[in-house]
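*Asks:* What follows is a predicted protein model with its sequence.
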Amino acid sequence: MSDTAAGLLQVGLLVALLAAAYRPFGGYMARVYSSGKDLRIERGAYKLFGVDPKADQTWAVYARSLIAFSAISVVLLYLLQRLQHYLPLSLGLPSVPSGLAWNTAASFVSNTNWQSYSPEQTMGHLVQFAGLAVQNFLSAAVGIVVAIAVIRGFARSKTDRLGNFWVDLTRTTLRILLPIAVVGTLVLVAMGVVQNFSGGHEVTSVVGQTQTIPGGPVASQEIIKELGTNGGGYYNANSGHPFENPNPLSNLFEIFLLLVIPVALTRTFGLMIKDKRQGYAILGVMGTIWAAFTFAATFFETQGAGTATQAAGAAMEGKETRFGEWASALFASSTTGTSTGAVNSAHDSFTPLGGGTALFHMMLGEVSPGGTGTGLYGMLVLAVLTVFVAGLMVGRTPEYLKKKITAREMKLVSLYILTTPTLVLAGASIAMGLAVARASIFNTDSPHGFSEVLYAFTSAGNNNGSAFGGISANIPFYNTALGLVMLLGRFVPMVLVLALAGSFAQQQPVPITQGTLPTHKALFVTMLIGVVLIVTGLTYFPALTLGPLAEGL
Amino acid sequence: MTTLLKPPAPASAAIPKRASSGLFDPKMLLTSLPDALRKLDPRVMVKNPVMFVVEVGAVASTILAFTNSSVFVWWIVVWLWLTVVFANLAEAVAEGRGKAQAETLRRAKTETTARRLTGDGGEEEVPATALRLGDLVVVEAGQIIPGDGDVVEGVASVDESAITGESAPVIRESGGDRSAVTGGTKVLSDRIVVKITTKPGESFIDRMIALVEGASRQKTPNEIALNILLASLTIVFLIATVTLPTFAAYAHTNLSVVVLVALLVCLIPTTIGALLSAIGIAGMDRLVQRNVLAMSGRAVEAAGDVNTLLLDKTGTITLGNRQASEFIPVDGVTDTELADAAQLSSLADETPEGRSIVVLAKNGYGLRERHTGELPHATFVEFTAQTRMSGVDVDGRQIRKGAAGAVNAWIHGQGGTTDPALGEVVDGISASGGTPLVVAESINGTARALGVIHLKDVVKEGMRERFDQMRAMGIRTVMITGDNQLTAKAIAEEAGVDDFLAEATPEDKMALIKKEQEGGRLVAMTGDGTNDAPALAQADVGVAMNSGTSAAKEAGNMVDLDSNPTKLIEIVEIGKQLLITRGSLTTFSIANDVAKYFAILPALFAAAYPGLAKLNVMHLHSPESAIVSAIVFNALVIVALVPLALRGVRYKPSSASAMLRRNLLVYGVGGLITPFVGIKLLDLVISLIPGIR
């Protein structure tokens, strides 16, 4: 079988798997959040933490609960790392330095999973599974519950209530993430991913050196790393490591895992607002952009320019031979389109335009299909923006899903779309202006060096977590700055979008007539794709010119 | 209740006035220039965030141009200033047209003295400005009415051309729905006593002047929302620009402030930012051109959103009077005999119904219209409430026409009998919603029925098409009438409205509005009577007829000076056109940026990274000419679009999908392509300028 045929087969198989999961899984999630019943274990948890599961919260209380919960998570995760040498299962590793501990705490709580450390040399088993793995579940759940609250904002009317954060969070974790994780772990183990508490294996490498490769509860962490669009690997090599991702089959399964929740949430959305076509339209936008970026990345990698690449006949630097270009490009586009940041190849070693594709994909704001929950609400905000302009063009004051878009909504949307570009560009600009930050760039004096810095801030601001290597980010400046960018890039948009949902929930629905802009048809889908590409494209175009474009053209 | 000399609503007003509203006179650019320059005051500019950023950039560039002077820099500086001036010019031109109108109105508002009635029955002369609420003033033929009020005594013909532009006088009388008079209008005949209902300075004419001048102009809700979006886009591009120098420094490229300002100004949405307020003013102006005064811009926007139109049957959907449509003979009488008798009986009947019978006899049956003078022996019998018949006695022959019951009684009274077929015809006409008039004759004491005249409401021409358009736009039309169910249904079907409300009382109307609004629908209606006032106030768009009462005018949020209820449809279209113009130019403005990037970015960085020259898809002459071309294009496009902003984009009622497709194609795709062409052409010229490298 040719590479192209094999590649297309993988993409086809992936799409088929997602399509099969779409209805049942999306429907299941809709039922989870619409159900009035609590499981016994949930009731126990509510009693333990003193939560009234029947209390419906306003957007402000919802947001406060979320921020408080996340703030406590940051503190706990920070302390766990700092105190790891006093705690069991540390594998004898020392306390994590303060800057790195802050960066890692911010990173895992914000669902970014940027790792400016080598996990196997820094974090013991306890931090890995009691800290990082726990946050892998919880941060993913936090993203999903915000999306659910936003859906309720559209679905409800004449109320200021959006649901209960604690109930949503508990249900997401116990009814959605955990069951899939348990089953998925077994599948991964069956595919060859390791799962043990071993301190390490001594192996002799091909050149005769001995090397210690630690084992650990890898599969159980791997599953939620992908499912929750987290991306923080058990090993530094992430999904390129054979213990995390041993073969093409596990590779395809992992890609499926990181796409399945964001994709199926569009179904949940359609069901909860009682108009499935709107969910298809949103999925159509996400899917089209994802497909375009996947094929762009594949094209640039397979047609790679450059002497070495041409001579080798393929851009294989930084890629695993067991995956090849297609599976690497597919993974790259899926991980940058979902804010996961897991990698099965080194993005830094991609061709300039291939790497630029991954960079640009993140810049779109992680909406194709985006992180768990974040992708959906991010796309809905862009849809509101599109409707605002498109609605005017049909001669009405704009409305989306029967809700009017007035000055108040536009204020929130505007602040939302301003937040991430500001963090990314300002962060990158400060870094490029500081000698100490520039000194971390290995590829000095080339556009690629700038791309690496831009990639770091784009990844942090959009909560992706993948990186262009070639920059030593474990210095105080990057640890601090990226930590801040990750938290602000995560929680400022969340608060804004919850406020937006609160505003929509209070409105009386506007009836749909012939004069209403149809937001489920191809024309609107096309326009939304255009807005996503042009609005973000225009914002980052100057920066991209000096990075990947300068290098690749 | 009315004693009008002429029908209040000229049917011809149904034809939209295209007037001068759509035209744009280039001379206005010149005359508005002083105003445009005055608006450069930063305290004024700051209200428009997009253009304020341009002005700040222009100031900074000017200062820097003195220290680092070159032809290129000065070109940029000049065109930055021109960009700001062009934006102000657009607004000034839009305002200028209102100012001209205000001048005309001011002339109407000459100083007048009022004859105020004193408590003891006497009269005193006071200046009009001294009048207070509730004062009673006397106005006689030839005098100017000193203030807004209601006629409480007498009836007079009034020349309202000062505010309506309509030269034919109108009747104003105490009581009823035609009691409101406007200060500044002139009494032509008779004497009336007016009770003043507004304070000086707040009169209708004062408000009109303020409105057309734009003095009381406040940003409308949607305009505010759009401004927020434009401001945030401006901030995004500001960030993209200010972060660029450190990126460029790494590429060993030094970006001058002037170049950065040029890049910023090209990227921020200056096109829509410059034209936004002109679009709003022009929208209000288009209403004024059609003699509609909107009391707030909010109402104009709401008009675009209207879901339900409540239309009064009479005068809006039908011509206002029933007309003869058919003669149906009975009892062996021929068509011509009946037509002849019907015509004879109606010769002296000056009611519209009577005239229509004569017209039908002439047009449908070829009967020459006879004049009353031709029949010297004829005695005309006038309609009275007792007989409920009218007719003529001529040469021993008595002809009567009237309601079936009355005429039957007359026949039976003379010993005659009626054909049972007559009853069937009468019932048939009634069932179809028409009004039957029975024609009978009595010769030498033998009375018999000749036949029936079918009177029916005549639906105005083109109404069905308009309602079809409305439906396509998603607007539901509801006909309101005092007629019974049967009649209402027949007319509703003929006119093609979606629904009707028969035997409607003001309470019914109010209940209907509330019911529609509960479902989130926006309702528009017209009204003129005092009992319409609550409904006018409740409706989202309430258009009061100028001929109506002060209470109605006070309650509505628009006043139609022509008192033409059909205009509601035009108002909706103007509202929509206003929003479409905003949306289309926003799309155009943003789409333009793509080409500007392709002009400027290679110009800035191709020296550092030669590969970027590939982005110079337009093959612009040099970096300097590329940047100048982009900034010149950016400024010129504002001027080029001023006429469009003032006129509004082309609007054809159609479904939302069709409209979006068209506007996206024209303004979205067009907005992508146009600047590529425009910048290339400008570059061909600009590259010839000596000093631009």
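*Replies:* All right, it came through fine. Numbering: from 1, shown residues only, chains lettered A, B, ... in the order given.

*Asks:* Name the residues of the longest strand anywhere in chain B that are buried.
*Replies:* Assignment by DSSP state E gives strand B:446-459 as the longest strand of chain B. Neighbour counts using 16 or more other Cβ atoms under 10 Å in any protein chain shown place B:447-459 of strand B:446-459 among the buried residues. No exception for glycine: its C-beta is placed from N, CA and C like everyone else's.

*Asks:* now swap in stretch B:350-363 and tell me
*Replies:* B:353-354, B:356-358, B:360-361.

*Asks:* quick one: which of the residues you listed is nearest A:Arg277?
*Replies:* Minimum separation from A:Arg277 among the buried residues of stretch B:350-363 (Cβ to Cβ) is found for B:Ser356, which lies at 53.3 Å.

*Asks:* related to what we said a few turns ago, now pLDDT too, for the buried residues of strand B:446-459, in CSV please.
*Replies:* Shown next, in CSV, are the buried residues of strand B:446-459 (pLDDT from 0 to 100):
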residue, pLDDT
B:Ala447, 87
B:Arg448, 88
B:Ala449, 89
B:Leu450, 90
B:Gly451, 91
B:Val452, 92
B:Ile453, 92
B:His454, 91
B:Leu455, 87
B:Lys456, 85
B:Asp457, 82
B:Val458, 82
B:Val459, 84
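
*Asks:* And the strands in the stretch 301-450 of chain B?
*Replies:* B:308-312, B:318-329, B:379-381, B:389-394, B:397-402, B:435-443, B:446-459 (DSSP state E, counting those that start in this stretch).

*Asks:* One more: the stretch 51-200 of chain B?
*Replies:* Going by DSSP E, counting those that start in this stretch, the stretch 51-200 of chain B shows strands at B:113-117, B:123-127, B:136-140, B:149-153, B:155-159, B:170-173, B:180-181, B:186-189, B:191-196.

*Asks:* Most distant residue from the centre of chain A?
*Replies:* The outermost residue of chain A relative to its centre, with distances by Cα atoms, centre = their mean, is A:Gly208 at 39.5 Å.

*Asks:* ok, back up a step: other SSEs contacting the longest strand of chain B?
*Replies:* For strand B:446-459, the elements it packs on are strand B:318-329, helix B:335-346, helix B:352-365, helix B:404-413, helix B:420-431, strand B:435-443, helix B:485-495, judged by 3 or more Cβ pairs under 8 Å, 6 or more residues apart in numbering or on different chains; DSSP states H and E.

*Asks:* chain center to that strand: distance?
*Replies:* Strand B:446-459 has its C-alpha centroid displaced from the chain centroid by 40 Å (Cα atoms, centre = their mean, to the nearest Å).

*Asks:* What pairs with it, parallel or antiparallel?
*Replies:* Its sheet considered, strand B:446-459 pairs with strand B:318-329 (antiparallel), strand B:435-443 (antiparallel) by DSSP bridges.

*Asks:* Find the nearest non-adjacent residue to whichever residue of the stretch 251-400 of chain A sits closest to chain B, please.
*Replies:* With Cβ to the nearest Cβ as the measure, A:Leu392 is the residue of the stretch 251-400 of chain A nearest to chain B, at 2.6 Å. With Cβ to Cβ, 6 or more residues apart in numbering or on different chains as the criterion, A:Leu392 has its nearest non-adjacent residue at 2.6 Å, and that residue is B:Gly583.

*Asks:* Can you verify my assumption that the one you found contacts B:Asn663?
*Replies:* Yes. Look at B:Gly583 against B:Asn663 with Cβ atoms under 8 Å: they come within range, at 7.1 Å.
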